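Novice: turn this into a structure:
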Amino acid sequence: MNRSTDSFHLLPGADASPVILHVPHSSRALPESVRSGIVLDDRALEQELDHITDSHTSDIAAAAAAASSVRPWQFVNGLSRLVVDPERFPDEREEMLAVGMGAVYTHTTHRERLRPDGFDGRPLIDRYFHPYAEAMARAVADRLAAVGRAVIVDVHSYPTEPLPYELHGDGGRPPICLGTDSFHTPSRLLTAAEKAFAGFGGTGLDSPFAGTYVPLEYYGRDQRVSALMVEIRRDVYMSEPGGPADAGVGALGAALAELVGVLSA
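Specialist: Sure thing, here's the model as predicted:
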């Protein structure tokens, strides 16, 4: 099973691996047809991409995959989240609609206009969001069929200082934030992650970002699908905003590989 499009890439792991490293926000790529619907000039757009992109997280996932004795699968978004954000609800359930950042963003990280007033995001949902969600669901189904379980580990990053769009930016900002779900995050998974990432100065739970990503057909229904979000504070591994990575990428990859090893056993 090796599915790849311009929108996303499923990089195969070991047949026996239940783990899918999900990297939804690492890309800065924008199709020209999408760029034309954004009102920012080129300089402002580059600055917004610096803030909104989880830079180098695909490199961290790749380093973990390479270091793992049982190679995990990797599902990597090939496009910027300014095209669509595959981790948002595509409807009124999404709380980030309050700041114009639902599945299709209308505002920036600084609450300025990204797209014109009245912009219709439905074509982007149809073109990009639904195929991505369906492919991720197939990847989970494939792991369930192969090994009877699936473990989704979301690989994200977040800025050291809160940005204006954050709804919960007044809480703690630990070096490693672990996002959990009461149904899909078993204690074994959380304990393993806390141990694997203990060397980066501390871990915290669900602050400043909470929850996990699970395809909707499994969400709250199937405990064979477990999930954890790993949010890495950007000063741990890169220059902010949008700058180069440092040696932290390798160290984080090794820690993530340790977690993958526990989850694959």
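Novice: going along the chain, name the helices of the stretch 1-150 of the chain.
Specialist: For the stretch 1-150 of the chain, the helices defined by DSSP state H, counting those that start in this stretch occupy 32-35, 42-52, 57-67, 122-124, 130-147.
Novice: list the buried residues for the first one?
Specialist: Spelled out, it's helix 32-35. Val34 (16 or more other C-beta atoms under 10 Å). In this view, the C-beta of every residue, glycine as well, is placed from N, C-alpha and C.
Novice: what of the third one?
Specialist: Neighbour-count burial for helix 57-67, with 16+ other C-beta under 10 Å as criterion, is recorded at 57-65, 67.
Novice: of these, closest to Gln47?
Specialist: Checking these against Gln47 by C-beta to C-beta gives Thr57 as the nearest, at 19.4 Å.
Novice: closest to Phe89 out of the helices of the stretch 1-150 of the chain?
Specialist: With C-beta to C-beta as the measure, helix 130-147 is the member of these nearest Phe89 (10.6 Å).
Novice: tell me which strands and helices the closest one is in contact with?
Specialist: Packing partners of helix 130-147 (3 or more C-beta pairs under 8 Å, 6 or more residues apart in numbering; DSSP states H and E): strand 8-11, strand 19-23, strand 73-77, strand 150-158.
Novice: for these, which one sits closest to Ala193?
Specialist: Per C-beta to C-beta, nearest to Ala193 of the helices and strands packed on helix 130-147: strand 150-158, 8.2 Å.
Novice: give me the mean pLDDT for the helix or strand following that closest one.
Specialist: As assigned by DSSP states H and E, the chain's next helix or strand after strand 150-158 is strand 176-179. When pLDDT is averaged over strand 176-179, the result is 98.
Novice: residues making contact with stretch 197-212?
Specialist: 152, 154, 156, 158, 162, 166, 168-169, 171-181, 184-185, 190, 193-194, 227-231, 236, 251-252, 255, 259 (C-beta atoms under 8 Å, 6 or more residues apart in numbering).
Novice: got the buried residues for it?
Specialist: Applying 16+ other C-beta under 10 Å to stretch 197-212 flags 197, 200, 203-204, 206-212 as buried.
Novice: that stretch: end-to-end distance?
Specialist: Here the two ends of stretch 197-212 are set 18 Å apart, with distance taken as C-alpha to C-alpha, to the nearest Å.
Novice: same question for that stretch, mean pLDDT?
Specialist: Mean per-residue pLDDT for stretch 197-212: 97.
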